[in-house]
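J.: Turn this into a model:
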Amino acid sequence: MRQKTSLELAYGKFRSTFIATIVFSFFTNLLMFVGPLYMLQIYDRVLSSRNEMTLIMLTAIAIALLVSYGLLEFTRSRLLVRAGMQFDEVLANPVFHRVVKQQTAQPGGNAQIALNDIDKVREFMTGQGILAFFDAPWVPLFLALIFAFHPWLGIVATIGAVIIFALAITNEFATRNALQDASKAGQGANHFVSTTMQNAEVIRALGMEKQLTKRWLNQHDDMLVHQAKASDRAGSIMATSKFIRMSLQVAILGTGALLAIQQLISPGIMIAASIVMGRALAPVEQAVGQWKQFVNARSSHKRLKKLFDNINEQEERTELPEPKGNLKVEQLFATVPGTRDTLLRGINFSIEPGEVLGIIGPSGSGKTSLVRHLVGAMAPAAGAVRLDGTEMHHWDPDQLGRFIGYLPQDVKLFGGTVAENISRFEDEPQDADVVAAATLSGAHEMVQKLGDGYETNVGDGGMFLSGGQRQRVGLARAVYRHPSLVVLDEPNSNLDSAGEKALVACIQHLKAMGKTVILVTHKTNLLALTDKTLMLMNGTVEKFGPTSDFFKKPQAAPEAPAAEQAQNTAQNQAQKKAAGNSPAVVQLSPTGQQEKASQAAQSGKDDA
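T.: Okay, here's the model as predicted:
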């Protein structure tokens, strides 16, 4: 039997609430008859009998019933709000997990929109929009009462309901595509702004504000055009709906007056029929007004369903013993996210605990893609990455994270204090562990000089720290609690000489502790610390082996015969003499140089 997804469980939480709300809706709609029936009794009984006691009793009964109506309406709304909180509670964690997983698999995919989709679905399911849909099924009950008053009155009300319902369907088809296009354009514009503003200092420094503003405005204007198109259509339909609604009130009152003149109905029935028809058409008209919210909620539901269909539930994994750091890569293939373009092809290597591996290669050779696979941030297209024999995706993600230290090439810190970032935002971190990590990475003295020390707020992305400070804090985060595998991608790109010395000492200490360390670097002083080196070229392993093999000097060429050496010496001396007598240096081809040298050598012999 297929296990239900968290999305299905969240909707299941709402099912019982929906049933209760439908029951409450039945009684609230029944109590909506209080007003028409009260008016009917006033016109047909009180005014004709002029009995004040009858008026008092009818009024008291009507007020009591309306109090019940208010309590039921409050309870119905409260039920939906509480169910919305449960809906969010069930979905929040699974959606966040999937957003992180999809964002790592497809960077720039704007997966975080799903977090807003939860709010849109919840707001619709707990707001007036869903209540209009709950009230709509009771419209035939009101129409039946109007038919009971008189068939002609029922016909007028039914025609009005059909016309307004047709307008609601027209509204759906007229605005669906425009609203979808506006939503896509709006998401694109917001994503562009959020990513662009991360480099605000570059925008100001390079004078790019006008160009980027123009690009954002193009996307923003595209959204406004589609939204205006949808709003214009919806507005015209809404105006038509209101016109028809008011015209129907006139029509039913006129029809009722004609029937009353013919003494087919009483004046009270005429007023009651008008009130009942207004109540019958209210849910339909309200549904037309809430249609945009319904369309947005429907689109959000589709995106959430697609997210849950594409990314499976996080399975409960057996907790494995702490790894020693044995890393093995077997026939690893990787592709560009969302395409079939290959990034890595047939990568094979292994390293033992306590070894330091250096990864080198030109830009675009796949170094960063490889380290992302090594820490489990990306899933292989084929092949496997094993830590102590277990594939990365077979580990429990939370458990695996404790045994891996990762310093990416572009260090990003999170809004919070230095201590929180180093401790990876653990609930109850030990201060000794935080200080130990900072000391190991050489960041302790730097942190002490900050305004509030370890309690200094780093800002979003670490914006309040310099590049070197961010890198040191990031290194401390990577070595927090001495993980078994430490992967450092260009760890000294922003470090000064003191920072590099601290980095070297940190790597040496990790190696002495038996930790597995992987470095992506081109710095000779760091490569000198490595036991093995892996050279990548165009996504494949060009060379892998002991680092000493990469720094062996080529063998010297065999010595030339004595006669040849003498000839070369004579040629060199002749060239120097000729260059000394020449007022300018002229470059010659190799053939010309040989001829010139021979002539100079012959001239030297003649002089001798």
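J.: What are the boundaries of the helices in the stretch 251-400 of the chain?
T.: Remark: helices of the stretch 251-400 of the chain, listed N- to C-terminal, are 267-289, 291-310, 367-374, 397-402; assignment by DSSP state H, counting those that start in this stretch.
J.: I'd like the next helix or strand past the last one.
T.: What it means is helix 397-402. Moving toward the C-terminus from helix 397-402, the next helix or strand (DSSP states H and E) is strand 404-407.
J.: Summarise which helices and strands that next one is packed against.
T.: helix 467-478, strand 485-489 (3 or more CB pairs under 8 Å, 6 or more residues apart in numbering; DSSP states H and E). Bear in mind the C-beta positions are built from the backbone N, C-alpha and C, glycine included.
J.: List the strands paired with that strand, with their directions.
T.: Next to strand 404-407 in the sheet, as set by DSSP bridges, lie strand 485-489 (parallel).
J.: any idea of the angle the partner strand forms with helix 367-374?
T.: Put simply, strand 485-489 runs at 160 degrees to helix 367-374, going by axes from the mean of the first three to the mean of the last three CA atoms, to 10 degrees.
J.: In PDB, list the C-alpha atoms belonging to strand 485-489.
T.: Output in PDB follows, covering the C-alpha atoms of strand 485-489 (Å, rounded to 0.1, in the frame of the first residue of the first chain):
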ATOM      1  CA  LEU A 485      35.400  14.300   6.500                       C
ATOM      2  CA  VAL A 486      36.400  17.900   5.900                       C
ATOM      3  CA  VAL A 487      36.000  19.400   2.300                       C
ATOM      4  CA  LEU A 488      37.500  22.800   1.700                       C
ATOM      5  CA  ASP A 489      36.800  24.500  -1.700                       C
END
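J.: picking up where we left off before, closest to Val295 out of the helices and strands packed on strand 404-407?
T.: Among these, the nearest to Val295 by CB to CB is helix 467-478 (43.2 Å).
J.: Tell me what angle the closest one forms with strand 485-489.
T.: Going by the same axes, to 10 degrees, helix 467-478 makes 160 degrees with strand 485-489.
J.: And the contacts of helix 467-478?
T.: The list of residues contacting helix 467-478 from outside it, by CB atoms under 8 Å, 6 or more residues apart in numbering, reads 405-408, 411, 413, 418, 421-422, 424, 437-438, 440-443, 446-447, 458, 462, 465, 486-488, 491-496, 499, 502-503, 506.
J.: Report the buried residues of that helix.
T.: For helix 467-478, the neighbour count (16 or more other CB atoms under 10 Å) marks Gly468, Gln469, Arg470, Gln471, Arg472, Val473, Gly474, Leu475, Ala476, Arg477, Ala478 as buried.
J.: could the helices of the stretch 251-400 of the chain be laid out in TSV, adding mean pLDDT, distance to Thr339 and mean neighbour count?
T.: TSV is the format used below for those (pLDDT from 0 to 100; distance: least, CB to CB, whole Å; neighbours: other CB atoms under 10 Å):
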stretch	mean pLDDT	distance to Thr339	mean neighbour count
helix 267-289	79	43	22
helix 291-310	80	16	17
helix 367-374	90	13	22
helix 397-402	84	25	15
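J.: May I see these organised as JSON lines, with distance to Ala168 added?
T.: As requested, the helices of the stretch 251-400 of the chain are exported to JSON lines (distance: least, CB to CB, whole Å):
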{"stretch": "helix 267-289", "distance to Ala168": "5"}
{"stretch": "helix 291-310", "distance to Ala168": "7"}
{"stretch": "helix 367-374", "distance to Ala168": "50"}
{"stretch": "helix 397-402", "distance to Ala168": "46"}
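J.: can you give me the helices in the stretch 101-250 of the chain?
T.: Secondary structure of the stretch 101-250 of the chain, counting by DSSP H, counting those that start in this stretch: helices at 113-126, 128-135, 139-149, 151-196, 200-205, 209-261.
J.: actually the stretch 401-550 of the chain, sorry about that
T.: 418-422, 431-440, 444-448, 467-478, 497-512, 524-527, 547-550.
J.: Setting aside sequence neighbours, what's the nearest residue to Glu330?
T.: Among residues not flanking Glu330 along the chain, Ala384 sits closest, at 4.9 Å (CB to CB, 6 or more residues apart in numbering).
J.: ok, that neighbour - how many residues close by?
T.: The local packing of Ala384 (other CB atoms under 10 Å) involves 16 other residues.
J.: follow-up on the earlier one: please indicate which of the contacts of helix 467-478 are buried?
T.: By neighbour count, with 16+ other CB under 10 Å, the contacts of helix 467-478 hold 405-408, 411, 413, 418, 421-422, 424, 437-438, 440-443, 446-447, 458, 462, 465, 486-488, 491-492, 494-495, 499, 502-503, 506 as buried.
J.: quick one: low-confidence ranges for the stretch 51-200 of the chain?
T.: 105-112, 172, 176, 179, 187, 191, 194-200 (pLDDT under 70).
J.: returning to that earlier point: of all the helices of the stretch 101-250 of the chain, which one comes closest to Trp395?
T.: Closest of those to Trp395 is helix 113-126, at 24.8 Å (criterion: CB to CB).
J.: List the buried residues of that closest one.
T.: Ile113, Ala114, Asp117, Ile118, Lys120, Val121, Arg122, Glu123, Phe124, Met125, Thr126.
J.: Can you tell me what sits against that helix?
T.: 14, 80-81, 83-84, 87-88, 91-92, 95-96, 98-99, 130, 187, 293-294, 296-297, 300-301, 303-304, 307.
J.: Could I get the CA-only coordinates of it as CSV?
T.: What follows is helix 113-126, C-alpha atoms only, in CSV (Å, rounded to 0.1, in the frame of the first residue of the first chain):
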residue,chain,number,x,y,z
ILE,A,113,8.1,29.9,-3.9
ALA,A,114,6.6,26.7,-2.5
LEU,A,115,6.9,28.2,1.0
ASN,A,116,4.5,31.0,-0.1
ASP,A,117,2.2,28.5,-1.7
ILE,A,118,1.4,27.0,1.7
ASP,A,119,0.2,30.4,2.8
LYS,A,120,-1.9,30.9,-0.3
VAL,A,121,-3.6,27.6,0.0
ARG,A,122,-4.2,28.0,3.8
GLU,A,123,-5.5,31.5,3.4
PHE,A,124,-8.1,30.4,0.8
MET,A,125,-9.1,27.3,2.9
THR,A,126,-9.6,29.4,6.0
